[in-house]
Every structure is written in structure tokens, then in C-alpha cells.
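In: Based on what follows, work out the 3D shape:
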Amino acid sequence: MLQDFTTDRELAAKALRLPMSNVGAYGSPYLSVASLMRRWQPSDNRREVVLITDGIDRAHRGRNALTNPDVDTAAAVAQRTGTIVHAIYFPGVGHWSGHFWESISGQNGLSKLTDITGGQAFYLGVQRPVTIVPYLEQLQRILDNQYLLTVAAKPGKKSGLQYLSVNTEVAGVDLATPDAVWVPGSK
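Out: The predicted structure follows:
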């Protein structure tokens, strides 16, 4: 990130840039979103990210997205910052974007990240969608139907993730929750 969050559109526009290489954060949508989340100041407000990408981690091409350390890093940062990540699969350009197995791996990485954080991944095969409007409409329904759940976790000696399972006895209810919550250590 070259610019902190701002409401000044001109300042934000000056900081926008295209990826410069196929390695590092530029080559990994997961490291890029982790970098974004790390820059946020602590807050009790709800935080959600909509990641529009092909999910291909060009820094780790050929690696199984389900064991990709960049996906795990982004998930851990999201859990630590209390961020829900949603993803819209949209193919990029270049050789690797048209590669079927890389595209599937990208979708697997996006699904893993969104599942862990309680978000939703949107895609329909590996082709470019005609429009993302239906995804945005579904995302708006998700955002309109969220509820705050308070977890009374017992702090350990060290800060860390505490895994949880959320269920309901109400039939026909679909719950999307993070796999874990970040609990600061006791002082």
C-alpha cells in the first residue's frame, strides 16, 4: 500500500498502480490483502473486504492453493483483525490466467480464505462472468442479513486463535462464521 485510507479521491487515485512483477506481494493476491489488513488501526467496527481476483498466486505457481502459505497468512491476518473476506473470481490476463489448473487452484485458494473468515466466494466455472452484478446483489443480501455474535473466550497466557463451532436449532438457517477468533493473551 502506497497510501493510507483516505476520502480524498485525487490522493487515492495517485497511489493506484498496476502490478509490477510476478513475485512477492505483487504476484500474490493473498499477500496483497494481508498487507491491506495489517495497515488497519484496531477497531470494534465490522471489517469486510471484497477481493476481485483470479486467485492465482503467481509467487507460488504450481503449488496447491490449499497448502499455500500465502493463503494461510491472509487468513491468519483476517482472523487477527476480525475481517471477513469475500471474493469474486474474475480471470486476469496472460498465460497463467488461461491455464485451467491454475484457475482452479486460484478458486480453491479464494474458497479456503473466504470459508475460514466467514465470507463467501463467488464464481461460475473458470470463464469470465458477463457481469458481476448478480454477485454484488447477493453480497448485498449477505451484508444486510448479518448479526453480531459475541464470543466469551477465555484468554490464554499468549495471544492466539481459538477455534469455534456455531450451530443453530432453527431449521433452514444457513450460518457463515469464521473458523476461529483472535483472543488476546491475559496480562
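In: Packing partners of the helix or strand hosting A34?
Out: Following DSSP states H and E, one finds A34 within helix 29-38. Counting contacts by 3 or more CB pairs under 8 Å, 6 or more residues apart in numbering; DSSP states H and E, helix 29-38 is packed against helix 24-27, strand 47-53, helix 69-81. Just so you know, the C-beta spots here come from the backbone N, C-alpha and C atoms, and that holds for glycine as well.
In: ranking the ones you listed by burial, who's on top?
Out: Across the helices and strands packed on helix 29-38, averaging neighbours per residue (mean count of other CB atoms under 10 Å) puts helix 69-81 on top, at a mean of 21.
In: what angle separates that one from helix 29-38?
Out: Relative orientation of helix 69-81 versus helix 29-38 (axes from the mean of the first three to the mean of the last three CA atoms, to 10 degrees): 20 degrees.
In: Ranking helices and strands of the chain by mean pLDDT, which lands last?
Out: helix 24-27 (a mean of 55; mean pLDDT, DSSP states H and E).
In: sorry, back to before: mean pLDDT lowest where, among the helices and strands packed on helix 29-38?
Out: Of all those, the segment with the smallest mean pLDDT is helix 24-27, scoring a mean of 55.
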